[in-house]
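Undergrad: model this:
(2 chains)
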Number of protein chains: 2
Amino acid sequence: MLDKDGTGHEGAFAALEALLGARLNRSQSDRELHGRDEGHFPLMPPDAVVYPETTEEVAAIVRICAEAGMPVIGWGAGTSLEGHALAVRGGVCVDFQRMARVVEVLPEDMVAVVHPGVTREALNQELRATGLFFPVDPGANASLGGMASTRASGTTAVRYGTMRANVLGLEVVLADGRIIRTGTRAPKSSTGYDLTSLFVGAEGTLGLITELTLKLHGQPEAVSSAVCAFGDMEGAVNAVIATIQSGIPMARIEFVDQASAAAFNAHAGAGWADAPHLMVEFHGSEAGVAEQAERFGEIAADFGAADFRWAVKPEERTALWAMRHNAYRSMVAANPGCVPVTTDICVPISRLAEAVEGTAAEIAASGIPGPIVGHVGDGNFHALLLPKVGDAAQWEVAMKLAANMAERALRLGGTVSGEHGIGMGKVKYMEAEHGQGWAVMGAIKAALDPGQVMNPGKLLKGN
Amino acid sequence: MLDKDGTGHEGAFAALEALLGARLNRSQSDRELHGRDEGHFPLMPPDAVVYPETTEEVAAIVRICAEAGMPVIGWGAGTSLEGHALAVRGGVCVDFQRMARVVEVLPEDMVAVVHPGVTREALNQELRATGLFFPVDPGANASLGGMASTRASGTTAVRYGTMRANVLGLEVVLADGRIIRTGTRAPKSSTGYDLTSLFVGAEGTLGLITELTLKLHGQPEAVSSAVCAFGDMEGAVNAVIATIQSGIPMARIEFVDQASAAAFNAHAGAGWADAPHLMVEFHGSEAGVAEQAERFGEIAADFGAADFRWAVKPEERTALWAMRHNAYRSMVAANPGCVPVTTDICVPISRLAEAVEGTAAEIAASGIPGPIVGHVGDGNFHALLLPKVGDAAQWEVAMKLAANMAERALRLGGTVSGEHGIGMGKVKYMEAEHGQGWAVMGAIKAALDPGQVMNPGKLLKGN
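TA: Residues are numbered from 1 along each chain as shown, chains lettered A, B, ... in the order given. Alright, predicted model coming up:
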C-alpha cells in the first residue's frame, strides 16, 4: 500500500525520525547529493538520508528498514566510480559523516581503530606524530569504510597491499540488525571463516561496516621519488615488468601515457617531455633507498629511460603525487565537452604490455580520447574514456572500448577490475569472470540478507 | 536401512568402486592410517579412503557421498594438530596423494599452480632453479591443500604473510559437486566477494580444494641467521617486541624457552646456553641484510642478549631450522612417557610479554612439563603440554592449562589460534571469540553445504 508520498514507507520514516530527529533528511537537495558518485551514472537518489552517530543507531536504522523492506545503502565520501552507492531502488542512504572519529591508535601494535567515515587523509593526519601511517592510497580522499567495502588499493598497493591486507578486523551491522565483530588485534588468526575478508569488498551488500581495525606501517626512514620519460609505451611497460620481476620493493610505480603527460603539462605545469612516463617511489633506510633507486635506474635505462627528475624534499614529493592524484581532473580539463568514463582492469604482470598496448591501440583507432594511467606494478591500469557530451555514437564506442578492456583482461588471465569494483557498472562481467563462483556469492547473499535489504542492484545476479 | 556392513552406504561404496576401482580402499589398516593426525585425539577412522587423480573424480566422489548423506573429509599429509581431518562421523576420506603435481610455474608472474597434495618442500624443490620460493613454512612438510584449508603460517609469516596472503586463487569442489574457480592470476582484484579467502581456513567444511594458484617470492640475494641467548624470558620477549616495533623486516624471529633449549642440547646437540633464546633470520641484499642484522644486534644487546651464533653458510642455516622444526620431537624425546598436547595462541605484539609470562608461570606451577616456542614476531606462540600417559589428573591439568591460554589470548585482544586452527579441538572457544560471527559462519555453511557433507564435526556449532 502506498503512503501519501508514494513510497509506501511512511511508517518506517516516522520510526527513523523518532530515532534520529533532524538527522533524517528527506530534502530533495540532500537526496540528490547522495544520488551521484564520481562515475558516469545518472542520478539515482535515495528516498532519505540518515546520519547515525553510533553503531546502535545504525543497527536500529537497519532493523527499521528491513522490516519495511526498504533498501539500505552506505555512504562514505561518494568517490566510488562504478555506482556502488547509488539508490537503484530508492531506500535509505546511511551517511557516515557523523561516525568519523579515530577511536584509538595503538602505536605499539601498529593498529588504529576508526569509524567508517574517517577519510584516509584524516587518519594519516592524526598519525603523523606516531611515526606510523596507513598506506592504502586510492587517490581520492575516500572514507575508510568505503575503501574497505570496495577493497580499494591505489598507488602503494604494490608494496603495502590493498585493503584486503590492511584491515585486521571489522564491526559490522548485518541485514537483520545484529552487530558482529570480525578479526582481532592479533596480527593473524586461524579460527574459522575469514569474515573480515568476506566483508572487505562486499560493497555493502552483506552489512554496513561501523568500525575498522586497521594495520599501520612505520613511516619509512627515507623516501625518494622520481619521474622518468620513455621513448615509447612499450619501453615504459617493459621497464615495469623487469623492475617487478627483479624484486625491487617498489613503494610506487605508476605508468602515465603521453596524453596524460600532456594534460599534466597543460593543467599542472609539469614541464615533462612529450612522452610516456613512469613515476616511482622508494621507501626504506637511507642506504636501502639509494640501493633501490640505483637498481631501478639501471633497469629503466636498459629500456630507454631519460629525463630523470628526482623529488627528494617532502614538498616536491607531495606536489608530484598530488599531480598524479589529480590526473582525472587534468584530463577532464584537457578535454572540454566530454563525459569522463573511467574504467580499470588488472592482469598478470607478464601480460601487462599486451594489455596496455592492445588497449591503447584500440583507443587510438576509436577516434575518442582515452588517456591511460595505472598502478602498473600490480598489473592494474585505467583508461579515462572521453566521449563527447550528447554524442550517442561516441558513447557507444566508449562502452564498447570498456567492454573490450574487460574481455581482454579475462583473456589474459586477469580480472575485470583491479580496484574500482563492480557496483552497477560491471555486474555484466561477473558471470564471465566467476562462473559458478558468482552463484556461490549469490547463495551467501541469500543466507545473510534474504530480504535483499543491503545495497540491492549491485555486484550480484538479479539482485 | 543398514547394509550388510552396517554403514548403510553399500550403494555409495559400489558407486565409488565403479568410479575408482582399487583407488577405493576400505581396509582396516588404511582406514586407521587416516584416522589420526599429529594431535592428541583418539583414533577416528573413516569408512573408506579414496585416491582421486582428477578434479572430475573428486566432484564425482562428492556427488556420490552427498547423495548417500555420507561425510567427505579431505586428507593432505595428516600433519594437522586439532583433529581437522578425523572422521568424527565416519564417511569417506579423500586422500590427495595422487593429486600431487606442480601443474605450472610462471616465473614471470611469480605464480605457481599446484595440486593440493603437493607438499611445501616438494614445491620448493621444484622451484629451486627459478630463483623463486614459496615462503609459508609451518614446520611440518604439510600439503599445500591442507595448509590452505587450515590457513597455515609458521616461521616466515612475520615477513611473507600466512596462507591468506599467499593464495591467489583456488579451484574448489563444492558440497554438491560443482567445480568453481576463485581469484585470477592477477595480483589483485575487486570483483565481488573474496571467495579465495573464504575457502582458505574453512578446514574443508565448505568444499575440497583441488588446485591452488600460489604467490611466489624471489629468493633473497643474501640470507643470514643467528641465535642468541637471554638472561631471562622477559628480556627475550621484550627484545622481540622492540624489534618488531622498530620496523626491521625480520624474515624469522622465533622464541625458544629454556626447557626447549635444553631439549635441543640433549637431542640435537645444539650446545646452547641453558637459557631462553631467539632464533632470527634476515633476507635482503648483502648490504640490507648486514644493516638489519646490525640493528637487531643493537636492540637485542639492550635486552641482555649474549652468546650470538651466526649461521651464514646454507648448510648451517638448514641445520638450525631443521632443529627448530624438530622441536616437537626433541621435546617429546626429552619427556618420555608423556602424551604431547600442543596448543597455540596469538596476541597483539604489545601483549606478548604478558601472554608468554602468564602462560609460563602457570605451566611452572602446574607440575607438568610445558616447553614454549613460538613465532613471536606475529605474537604467536605454542606450549607443548606433556602430561604423563594414563594420568587422568595430569591430563585434566593439561586441558585446563590449554583452556586458560585460550582465555588469556581473548582477554588480551588476541585469538585462540594463530595457526593450528579449530578442527575439533577448539570448537569450544568459537562462541567466546566470535559471538554472533560464529552464527554467520553457520549460516554460510548451511547455504553452501545444507546436507552437512563436508567435514562435519569441525569448526562450526552443532555441525
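Undergrad: only C-alpha atoms from now on, for both contacts and neighbour counts.
TA: Noted.
Undergrad: tell me the contacts of the nearest residue to A:Ile209 once chain neighbours are set aside?
TA: Across the structure, with CA to CA, 6 or more residues apart in numbering or on different chains as the measure, the residue nearest A:Ile209 apart from its sequence neighbours is A:Val172 (4.4 Å). A:Val172 is in contact with A:Ile179, A:Ile180, A:Arg181, A:Thr182, A:Gly207, A:Leu208, A:Ile209, A:Thr210, A:Glu211, counting by CA atoms under 8 Å, 6 or more residues apart in numbering or on different chains.
Undergrad: next: A:Glu433.
TA: With contact taken as CA under 8 Å, 6+ apart, A:Glu433 is in contact with A:Leu410, A:Thr415, A:Val416.
Undergrad: can you check A:Thr119 too?
TA: Neighbouring residues of A:Thr119 by CA under 8 Å, 6+ apart: A:Ala77, A:Ala100, A:Asn141, A:Ala142, A:Ser143, A:Leu144.
Undergrad: now rank those residues by neighbours and give me the top one.
TA: Taking other CA atoms under 10 Å in any protein chain shown as the neighbour criterion, A:Leu144 ranks highest of the contacts of A:Thr119 with 30 neighbours.
Undergrad: next, that one: phi, psi?
TA: Backbone torsions of A:Leu144, given as degrees, to the nearest 10, read phi -70, psi -30.
Undergrad: so which bits of the stretch 301-450 of chain A are right by chain B?
TA: A:346-350, A:378-379, A:413-422, A:430, A:434-437, A:440-441, A:443-444, A:447-448 (CA under 8 Å from any CA of the partner chain).
Undergrad: tell me which residue in the stretch 201-350 of chain A sits closest to chain B.
TA: Distance from chain B to each residue of the stretch 201-350 of chain A (CA to the nearest CA) is smallest for A:Pro348, at 4.1 Å.
Undergrad: contacts only, for that residue.
TA: A:Pro348 makes contacts with A:Asp378, A:Gly379, A:Leu412, A:Gly413, A:Gly414, B:Asp109, B:Arg185, B:Ala186, B:Pro187, as judged by CA under 8 Å, 6+ apart.
Undergrad: the residue nearest to A:Ile209: what secondary structure?
TA: Counting by DSSP: H, G, I helix; E, B strand; the rest coil, the backbone at A:Val172 sits in strand.
Undergrad: that one pairs with what?
TA: On the basis of DSSP bridges, A:Val172 is bridged to A:Ile180, A:Ile209.
Undergrad: out of the contacts of A:Pro348, who's nearest B:Gly218?
TA: The shortest approach to B:Gly218 among the contacts of A:Pro348 belongs to B:Asp109, at 11.1 Å (CA to CA).
Undergrad: make sure the closest one is actually in contact with A:Leu352.
TA: No: at 10.3 Å, B:Asp109 and A:Leu352 do not qualify as touching, with contact defined as CA atoms under 8 Å.
Undergrad: neighbour count for those two, which is higher?
TA: In terms of neighbours (other CA under 10 Å), A:Leu352 is the more surrounded of B:Asp109 and A:Leu352; the figures are 27 against 21.
Undergrad: wait, isn't the more buried one in contact with A:Val237?
TA: Yes: taking CA under 8 Å as the contact criterion, A:Leu352 and A:Val237 are neighbours in contact, 7.1 Å apart.
Undergrad: list residues touching both of the two?
TA: Residues touching both A:Leu352 and A:Val237 (CA under 8 Å, 6+ apart) are A:Val376.
Undergrad: just the buried positions in stretch A:326-344, please.
TA: A:326-332, A:334-335, A:338-344 (16 or more other CA atoms under 10 Å in any protein chain shown).
Undergrad: may I have it exported as CSV, CA atoms only?
TA: Included here for stretch A:326-344 are C-alpha records, laid out as CSV according to Å, rounded to 0.1, in the frame of the first residue of the first chain:
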residue,chain,number,x,y,z
ASN,A,326,44.6,15.0,-9.9
ALA,A,327,45.2,13.2,-13.2
TYR,A,328,41.5,12.7,-13.6
ARG,A,329,40.8,16.4,-13.3
SER,A,330,43.7,17.4,-15.6
MET,A,331,42.5,15.1,-18.3
VAL,A,332,38.9,16.2,-18.0
ALA,A,333,40.1,19.8,-18.2
ALA,A,334,42.2,18.9,-21.2
ASN,A,335,39.1,17.5,-23.0
PRO,A,336,36.3,20.0,-22.5
GLY,A,337,32.8,19.0,-23.6
CYS,A,338,33.4,15.3,-22.9
VAL,A,339,31.8,12.8,-20.4
PRO,A,340,34.5,11.1,-18.4
VAL,A,341,34.1,7.3,-18.3
THR,A,342,36.8,5.7,-16.2
THR,A,343,37.4,2.0,-16.1
ASP,A,344,40.1,-0.3,-14.8
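Undergrad: any idea how far it is from the chain center?
TA: In terms of CA atoms, centre = their mean, to the nearest Å, the centre of stretch A:326-344 is set 17 Å apart from its chain centre.
Undergrad: cool, stretch A:430-448 as well?
TA: In terms of CA atoms, centre = their mean, the centre of stretch A:430-448 is found 21 Å from the chain centre.
Undergrad: and the buried ones among the residues of the stretch 301-450 of chain A next to chain B, selectable in ChimeraX?
TA: The ChimeraX selection below is limited to those of these classed as buried (16+ other CA under 10 Å):
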select /A:346,347,348,349,350,378,379,413,414,415,416,417,418,419,420,421,422,430,434,436,437,440,441,443,444,447,448
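Undergrad: of the residues of the stretch 301-450 of chain A next to chain B, which belong to strands?
TA: Per DSSP state E, strands hold the following members of these: A:Cys346.
Undergrad: of the residues of the stretch 301-450 of chain A next to chain B, which belong to helices?
TA: Secondary structure assignment (DSSP state H) places A:Met430, A:His434, A:Gln436, A:Gly437, A:Val440, A:Met441, A:Ala443, A:Ile444, A:Ala447, A:Leu448 from these within helices.
Undergrad: how many residues are close by A:Ala361?
TA: 10.
Undergrad: scratch that, A:Ala129
TA: A:Ala129 has 9 neighbours, counted by other CA under 10 Å.
Undergrad: quick check: pLDDT value at it.
TA: Per-residue confidence at A:Ala129 stands at 94 (pLDDT).
Undergrad: wait, is it part of a strand?
TA: No: using three-state DSSP, the assignment for A:Ala129 is helix, not a strand.
Undergrad: wait, what's in contact with it?
TA: No residues are in contact with A:Ala129 under the rule CA under 8 Å, 6+ apart.
Undergrad: tell me which other helices or strands the helix ranked longest in chain A touches.
TA: Looking only at chain A and at elements set by DSSP H, the helix with the highest residue count is helix A:392-411. If contacts are counted by 3 or more CA pairs under 8 Å, 6 or more residues apart in numbering or on different chains; DSSP states H and E, helix A:392-411 sits against strand A:341-346, helix A:352-366.
Undergrad: will you turn those into a markdown table that also has mean pLDDT and distance to B:Thr155?
TA: Output for the helices and strands packed on helix A:392-411, formatted as a markdown table (pLDDT from 0 to 100; distance: least, CA to CA, whole Å):
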| stretch | mean pLDDT | distance to B:Thr155 |
| --- | --- | --- |
| strand A:341-346 | 96 | 31 |
| helix A:352-366 | 96 | 33 |
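Undergrad: and of those, who's closest to B:Gly117?
TA: When those are ranked by proximity to B:Gly117, the top entry is strand A:341-346, at 29.7 Å, counting by CA to CA.
Undergrad: next, the angle helix A:352-366 makes with the longest helix of chain A.
TA: Interaxial angle of helix A:392-411 relative to helix A:352-366 (axes from the mean of the first three to the mean of the last three CA atoms, to 10 degrees): 170 degrees.
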